[in-house]
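Peer 1: Just a sequence and a predicted model for now, questions to come.
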Amino acid sequence: MAIETLDDLAVQGTTLGVRIDINSPLTDEGALADDARLRAHVETLSELLDRGGRVAVLAHQGRPGGDEFRDLRPHADRLDELLDAPVGYADGTFSGEARRKIENLDDGQAVVLENTRFYSEEYMEFPADRAGETELVDKLAPVLDAYVNDAFAAAHRSQPSIVGFPTRIPAYAGRVMESELDVLGDIESTPEPRTYVVGGAKVPDSLAVAESVLERGLADEVLTTGVVANVFLLADGTDLGDASADFVYEQGYWDEIDRAADLLAEYGDRIRLPVDLAVERDGERHEIAAGDLPPREGEAAMDVGTATIEAYGETVEGSGTVVLNGPAGVFEDETFARGTRELFETATDAEFSVVGGGDTAAAIREFDVEGFDHVSTGGGAALNMLTGEDLPAVEALRN
Ligand SMILES: Nc1ncnc2c1ncn2[C@@H]1O[C@H](COP(=O)(O)OP(=O)(O)O)[C@@H](O)[C@H]1O
Ligand SMILES: O=C(OP(=O)(O)O)[C@H](O)COP(=O)(O)O
C-alpha cells in the first residue's frame with residue numbers, strides 16, 4: 001500500500017501526534033551541542049502549524065543509562081526559537097498533565113512531550129500490534145486525531161512511538177520521511193564501484209550493515225574507522241593495548257569481536273582495516289603504525305592515522321558511490337578530528353556520495369564540508385535502508 005503524506009491530510013483543527021528524531025549531541029551541562037536534527041524537522045512542523053494543526057511532538061534523547069539520556073526541555077526551547085508558532089513543554093509523555101496540555105492546544109500551537117524513552121516499554125522492540133497496546137500509545141491515541149511520522153532517523157526501531165500509533169489512528173509520513181524514502185529508496189541503481197566507510201561508536205549497527213552489503217555484493221569494499229575499526233583490529237588479533245580494549249568491553253561489545261572475526265574470515269579481501277592509529281602522547285597527537293602496536297600503557301586509539309587517511313582517500317575518490325556513516329575518530333577533540341575531516345572532504349569527490357548519522361551530520365557542519373549528494377538525517381536507519389532492509393516505521397505507515 002502506498003504511504004500517505006501530508007498532502008493527504010486535512011490538517012486544520014486536528015490534533016496530531018508528530019514523531020520526530022531530535023536525538024542530538026549534548027554538552028556536559030545537558031545543552032544542545034548541535035541543532036541540525038531540530039532544524040531538519042522545521043519544514044514539517046511549520047507546515048502543520050501553518051495549516052492550523054495542534055501538534056504534540058514525540059521524540060527521544062539518548063539511551064537509558066547513557067550520558068545523553070536527558071529531558072527534552074532544551075529541545076523544546078530551541079524549537080520555540082526556530083518556529084514562528086509557540087512551542088510548550090510537558091514534563092511527562094502521557095501523564096494526565098501531558099494529555100491536558102495536548103487537549104488545551106489551540107490551532108497552530110505545539111507542545112513537546114517528555115523523552116519517550118523515560119518509559120521502559122519505549123526502549124523495547126515490539127511487533128506493531130503489540131506496540132499499539134503499550135501504555136504510551138494507549139494513553140495518547142484517544143487524544144490524537146492522527147499520527148505523523150517524520151522520525152526517519154529512528155525508523156529502524158520497532159518501538160511504540162514509531163510503530164504503535166498507525167495501528168490505532170490514521171498515519172502519515174512527514175516531509176523528512178518522504179524525502180529520505182525518495183532518495184535512499186533508489187540507491188541500488190547508484191554508480192559502481194561502491195565503497196562503504198563505517199565508523200563511529202555504534203558497533204552492532206555498523207557490523208550488521210557491513211555483513212549485509214558484503215553478503216549481497218552491494219559493497220565492493222568496506223573501509224573501517226572509529227571504534228568499529230578497533231573492534232576489527234581486535235578481531236584480527238592486533239594488540240591495541242588495555243585502554244582501547246577496555247573501552248570496547250565497557251560498551252558491552254565483547255560478542256562483536258567474534259562477529260567481526262567471522263566477517264574477516266568470510267570477506268577479508270573486501271574489508272580494510274586502518275594501517276595506523278592516533279593516540280595522545282604528552283598532550284599531543286602521536287601516530288603509530290599498526291605493526292608497531294600496542295601503544296604505551298593508558299593510550300587509547302582515538303583516530304585513524306595519516307597513512308590510513310591517504311590509503312582510504314584514494315579508494316574513496318575513485319568510487320562511483322561512497323556511503324559513509326560514523327566519524328573516523330573522536331572528532332569532538334581537535335587533536336583527533338583529522339581523520340573525520342579529511343575522509344569526509346575526500347568522500348565528496350566520489351561520483352555519488354551519501355552520508356548519514358547524528359554525530360556524522362554534526363561533524364559535517366562543524367568542519368563545513370560541502371558537496372555531498374545526500375546528507376541523511378539517519379545513521380542506522382539510512383544504512384538499513386541502503387542495504388534493502390525493511391524499516392519497521394515504513395512498514396507501519398504502509399498498513
Ligand atoms: N576511536 C574512537 N574511540 C572512542 N570514540 C570514538 C572513536 N571514534 C569515534 N568515536 C566516537 O563515536 C561517536 C559517534 O559515533 P556514532 O554515534 O556511531 O555516530 P553517528 O551518530 O553518526 O551514527 C563520536 O562521539 C566519536 O567521538
Ligand atoms: O541517533 C539515532 O540513530 P543514528 O545514530 O543511527 O543516526 C536515532 O535517534 C536512533 O537512536 P538509537 O540508535 O539510540 O535507537
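Peer 2: Ah, there it is. Numbering: from 1, shown residues only. Ligands and ions are numbered 1, 2, ... in the order given.
Peer 1: next helix or strand past the helix or strand hosting Ala307?
Peer 2: According to DSSP states H and E, Ala307 maps onto helix 306-317. Following helix 306-317 in sequence order, the next helix or strand is strand 321-325 (DSSP H and E).
Peer 1: Would that next one count as contacting ligand 2?
Peer 2: No. Using CB under 6 Å from any ligand atom, we find that strand 321-325 stays clear of ligand 2, coming within 7.6 Å at best. Quick note: C-beta positions are derived from backbone N, CA and C, even for glycine.
Peer 1: what pairs with that strand, and is each one parallel or antiparallel?
Peer 2: strand 194-198 (parallel), strand 352-356 (parallel) (DSSP bridges).
Peer 1: how about the ones you listed, which one is nearest ligand 1?
Peer 2: For ligand 1, the closest of the strands paired with strand 321-325 is strand 352-356, at 7.2 Å, according to CB to the nearest ligand atom.
Peer 1: does ligand 1 sit close to that closest one?
Peer 2: No. Counting by CB under 6 Å from any ligand atom, ligand 1 is not contacted by strand 352-356; separation bottoms out at 7.2 Å.
Peer 1: the strands in the stretch 201-350 of the chain, which residues?
Peer 2: Listed in chain order, the strands found in the stretch 201-350 of the chain under DSSP state E, counting those that start in this stretch are 221-224, 271-272, 276-281, 284-289, 303-304, 321-325.
Peer 1: which one of those strands is the most hemmed in?
Peer 2: Each of the strands of the stretch 201-350 of the chain was scored by mean neighbour count; the highest is strand 303-304, a mean of 30, by mean count of other CB atoms under 10 Å.
Peer 1: Run through the neighbouring helices and strands of that one.
Peer 2: When contacts are defined as 3 or more CB pairs under 8 Å, 6 or more residues apart in numbering; DSSP states H and E, strand 303-304 packs onto strand 276-281, helix 338-347.
Peer 1: what's the offset of the last one from the middle of its chain?
Peer 2: From the chain centre to the centre of helix 338-347 is a distance of 19 Å (CA atoms, centre = their mean, to the nearest Å).
Peer 1: Mind checking if the lowest-mean-pLDDT helix or strand in the chain is in reach of ligand 1?
Peer 2: When the helices and strands of the chain are scored by mean pLDDT, DSSP states H and E, helix 380-386 comes last with a mean of 82. No. Judged by CB under 6 Å from any ligand atom, helix 380-386 makes no contact with ligand 1; its nearest approach is 6.7 Å.
Peer 1: CA atoms of stretch 373-382 as CSV?
Peer 2: Taking Å, rounded to 0.1, in the frame of the first residue of the first chain, the C-alpha atoms of stretch 373-382 are listed here in CSV:
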residue,chain,number,x,y,z
ASP,A,373,24.8,14.4,-2.8
HIS,A,374,22.6,13.4,0.1
VAL,A,375,23.0,14.1,3.8
SER,A,376,20.6,11.8,5.5
THR,A,377,19.2,12.6,8.9
GLY,A,378,19.6,9.0,9.8
GLY,A,379,22.6,6.8,10.5
GLY,A,380,21.4,3.3,11.3
ALA,A,381,18.1,3.9,9.5
ALA,A,382,19.8,5.2,6.4
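Peer 1: Can you mark which positions in it are buried?
Peer 2: For stretch 373-382, the neighbour count (16 or more other CB atoms under 10 Å) marks His374, Val375, Ser376, Thr377, Gly378, Gly379, Gly380, Ala381, Ala382 as buried.
Peer 1: what subset of these is also close to ligand 2?
Peer 2: Gly378, Gly379, Gly380.
Peer 1: On the three-state scheme, the closest residue to the first one other than its chain neighbours is what?
Peer 2: Using CB to CB, 6 or more residues apart in numbering and skipping the chain neighbours, the partner closest in space to Gly378 is Ala153 (3.9 Å). Here Ala153 is helix, with the state taken from DSSP: H, G, I helix; E, B strand; the rest coil.
Peer 1: What confidence value was assigned to Ala153?
Peer 2: pLDDT for Ala153: 95.
Peer 1: do you know how far it is from Met177?
Peer 2: 10 Å (CB to CB, to the nearest Å).
Peer 1: who's more crowded, the two?
Peer 2: Neighbour count, other CB atoms under 10 Å: between Ala153 and Met177, Met177 has more, with 31 against 28.
Peer 1: what's the more buried one sitting at in phi/psi?
Peer 2: phi -60, psi -40 (degrees, to the nearest 10).
Peer 1: Now that it has come up, it's in contact with Phe152, right?
Peer 2: Yes. Using CB atoms under 8 Å, Met177 is in contact with Phe152, at 4.9 Å.
Peer 1: list residues touching both of these two?
Peer 2: Common neighbours of Met177 and Phe152 (criterion: CB atoms under 8 Å, 6 or more residues apart in numbering): Ala393.
Peer 1: which SS class is Val163?
Peer 2: Going by three-state DSSP: Val163 is helix.
Peer 1: Am I right that Ser24 is in a strand?
Peer 2: No. Applying three-state DSSP, one finds Ser24 to be coil, outside a strand.
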